[in-house]
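# turn this into a structure:
(one chain, ligands or ions: 1)
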Amino acid sequence: MSKQTLSFQAEVAQLLHLVTHSLYSNPEIFMRELVSNASDACDKLRFEALNDASLFEDAPNLEVRVAFDKAAKTITITDNGIGMSQAEAVEHLGTIAKSGTKDFMGKLSGDQKKDAQLIGQFGVGFYSGFIVADKITVESRRAGLPAAEGVRWTSGGTGEFEVETIDLPKRGTSITLHVRDDQSEYLSHWKLKSLVTKYSDHISLPILMQKEEWDAEKSEHVQKDEWEAVNAANALWARSKKDISDEQYAEFYKNLSYDQDAPLAWSHNRVEGSTEYTQLLYIPAKAPMDLWNRDRKAGIKLYVRRVFIMDEAEALMPSYLRWVKGVVDSADLPLNVSRELLQESRDVKAIREGNTRRVLAMLEDLARKDKAPETAADADGVTDVVSEEDKAAAEKDVGKYTAFYAEFGSAMKEGLGEDFANRDKIAKLLRYASTTVDTLTVSFADYKARMKEGQDAIYYITADSLAAAKNSPQLEVFKKKGIEVLLMADRVDEWAMSHVQEFEGTPLQSVAKGSFDLGKLQDEDEKKAAEAAAETFKPMLEKLKEALKDKAKDVRVTTRLVDSPACLVVEDGDISNQLTRMLKAAGQPAPVSQPILEVNADHALVKKLEGSTHFDDLAHILFDQALLAEGGLPDDPAAYVKRVNALLV
Ligand SMILES: Nc1ncnc2c1ncn2[C@@H]1O[C@H](COP(=O)(O)OP(=O)(O)OP(=O)(O)O)[C@@H](O)[C@H]1O
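As a prediction, the model looks like this:
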């Protein structure tokens, strides 16, 4: 191929414009990106060579070399990995395929400063080279292709790039950055080496640089011919825990997840026994924007004896823990294991169970340390003797679980329906707001500890929003009697709660389901009065039932209301009105079950029914208002308005 000039895909041109015109909060990330690409290219070669060892040619030792030339103002990153064919160079370096980069493009605000910060967060892969370079030359040959089929790709980071065929005896890729004058600080051994250790220390290949020595005569540092590895060249997870600092764990996480925030917690273990593997699992501090999406890929990378096998290994984590990031390195799986094989493997099942156990244990630990130690001691009335060191360690984790839960709580609830074996553990980790606590901090155990004497159920209500839950008429008598009710306003709550009937022996009871029975909390007089009211009200109930026979399954007198005239409830096994509405809104088939109308016989509006000439209108208004009060809409809003107006005039 003679020299050709091609245009970048429009999105790349736009991205490059930004990269070359912005001020960077963190320009040095270009090294992380380019060294990662070089290491990925080596991983890819190693993987392909499993089926075709000839791809190694005469250089089986994979490595990355970082060199610089102060006089020529260049930095060159060379790898002997998979390399690129001419077509691949045009495609991979001229278009954007990566969904992450597309997301990034979607987030651009047009404000240069903000956008520049975004680049720092996302990393824009290869193109980040243009942060420090005004020209990049890539020379590459794909492993397995003849020496004559090398490619040189050159671009000044504007709208175009050039490609031409060159002779390249060595396979792999070298990327030469022609460093801009204002970025010359990177033309330094010390600087580049420090970036490699900062960002790429864990990479399991040697990253080599030429040695440098002080030359007293010239009074400057001079480069020697000898190359040395400047990274630890050791997969971080394969090292012993005691040799890894918190900073290294956090940096490894950032490399793994492209998350700029430090992780909330991590757990690193070598698991031995019938299935042997190493797990390094992280709990991120922030949820991804699409956490709700159950098709979202898992965050676990699978290695087999340090050989990278695949990203997003969903078989290694249950779906409700899809947000956990980390690495699993198995000693048992075959190197050519496929996604399909993973689903069936007994080893994988054991690893998934082990990972789940570990994540739940980490969360239990964070939950335990969530409150300040003093408070914890006060709570059980015992003041433990703790060393200053332990105290400081415990304080460092205060509030972390609350922060975690605000981000990932809704995903955890899916576990109630998904992970039968760990249901009790998951239930202990859930937190809710309640009628007495506004924040998402009340656990079932906290609730139980505060239950009133004679109370024999944990009460909760599900609704579309916390405000709707809080103001629901069903809560009136609970408020009057000072009984706490858990407020659940997540979309997943209703479904999740259908999988649990009790918590540590105490039944869980929705206040909007089933007949109303506060058991021992209601005194005899109240019960008698209610029964008497129901009896005298009987003829009226029959009339109401008749008037509402198309809308309500039943009409009955209740004592759960104080200020409201009526409310809707469903039978114990039925799905709530709120879930029916949600299913309908999502275009999904919703089972047709009518609600039960419960009326407050003491309410003036209900009393007015007796002998009213507008009985039918009043009956429908009662029903529709009960629907409105729980966030629903009357089937025929115009008819409702008409009825109300007829009564108003
Ligand atoms: N050193 C290299 N050797 C072989 N191919 C490379 C090399 N550097 C980049 N590429 C190719 O160019 C593509 C684009 O690289 P880029 O860094 O922009 O995105 P990415 O590597 O896919 O994503 P990310 O860097 O965020 O993981 C890569 O997917 C790869 O196919």
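
# for the chain, which residues are neighbours of the ligand?
33, 36-38, 41, 79, 81-84, 92-93, 98, 100, 123, 125-126, 173 (C-beta under 6 Å from any ligand atom). Just so you know, the C-beta spots here come from the backbone N, C-alpha and C atoms, and that holds for glycine as well.

# residue in this protein nearest to the ligand?
Nearest to the ligand in the chain, going by C-beta to the nearest ligand atom, is Gly125, at a distance of 2.3 Å.

# that residue reaches Val35, doesn't it?
No: counting by C-beta atoms under 8 Å, Gly125 does not reach Val35; the two are 11.8 Å apart.

# where does the stretch 201-350 of the chain have low pLDDT?
234, 307-308, 335-336 (pLDDT under 70).

# same question, the stretch 351-500 of the chain
Applying pLDDT under 70 to the stretch 351-500 of the chain flags the ranges 373-386.

# how about the helices in the stretch 301-450 of the chain?
339-344, 346-368, 373-380, 388-396, 400-418, 423-429, 444-450 (DSSP state H, counting those that start in this stretch).

# pLDDT value on Leu18, please?
pLDDT recorded at Leu18 is 82.

# what helix or strand does it sit in?
Following DSSP states H and E, one finds Leu18 within helix 10-21.

# and that helix, what other elements does it pack with?
In terms of contacts (3 or more C-beta pairs under 8 Å, 6 or more residues apart in numbering; DSSP states H and E), helix 10-21 is packed against helix 99-107, helix 112-122.

# ok so, going back, what about the residue of the chain closest to the ligand, how many neighbours?
By the criterion of other C-beta atoms under 10 Å, Gly125 has 19 neighbours.

# over to Gly573?
9.

# now Ala393
Ala393: 13 neighbours (other C-beta under 10 Å).

# use 375 as the first number from now on
All set: I'll call the first residue 375, so the last point we hit is now Ala767.

# so where is the stretch 375-524 of the chain shaky, pLDDT-wise?
375, 397, 399, 471-478, 486-487, 490-497.

# now do the strands in it.
378-381, 438-443, 448-453, 507-515, 524-529 (DSSP state E, counting those that start in this stretch).

# next one: the stretch 525-674 of the chain
Counting by DSSP E, counting those that start in this stretch, one finds strands in the stretch 525-674 of the chain at the ranges 534-540, 546-553, 581-589, 594-603, 639-645, 651-657, 673-678.

# with mean neighbour count and distance to Thr394 as extra columns, can I get those in TSV?
Shown next, in TSV, are the strands of the stretch 525-674 of the chain (neighbours: other C-beta atoms under 10 Å; distance: least, C-beta to C-beta, whole Å):
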stretch	mean neighbour count	distance to Thr394
strand 534-540	17	13
strand 546-553	23	13
strand 581-589	16	27
strand 594-603	12	29
strand 639-645	17	37
strand 651-657	24	34
strand 673-678	23	32
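
# ok so, going back, which among the residues of the chain next to the ligand count as buried?
Among the residues of the chain next to the ligand, those scoring as buried are 407, 410-412, 415, 453, 455-458, 466-467, 497, 499-500, 547 (criterion: 16 or more other C-beta atoms under 10 Å).

# tell me the one among these nearest to Thr571.
Looking at these and their distance to Thr571, the nearest is Ser410, at 14.4 Å (C-beta to C-beta).

# what sits against that closest one?
Counting by C-beta atoms under 8 Å, 6 or more residues apart in numbering, Ser410 touches 573-574, 577, 629.

# tell me the one of those residues nearest Phe818?
If you rank the contacts of Ser410 by distance to Phe818 using C-beta to C-beta, Asn629 comes first, at 38.1 Å.

# you'd agree the closest one is up against Ala609?
No: look at Asn629 against Ala609 with C-beta under 8 Å: they stay out of range, at 11.7 Å.

# find residues that contact each of these two.
Common contacts of Asn629 and Ala609 (C-beta under 8 Å, 6+ apart): His576.
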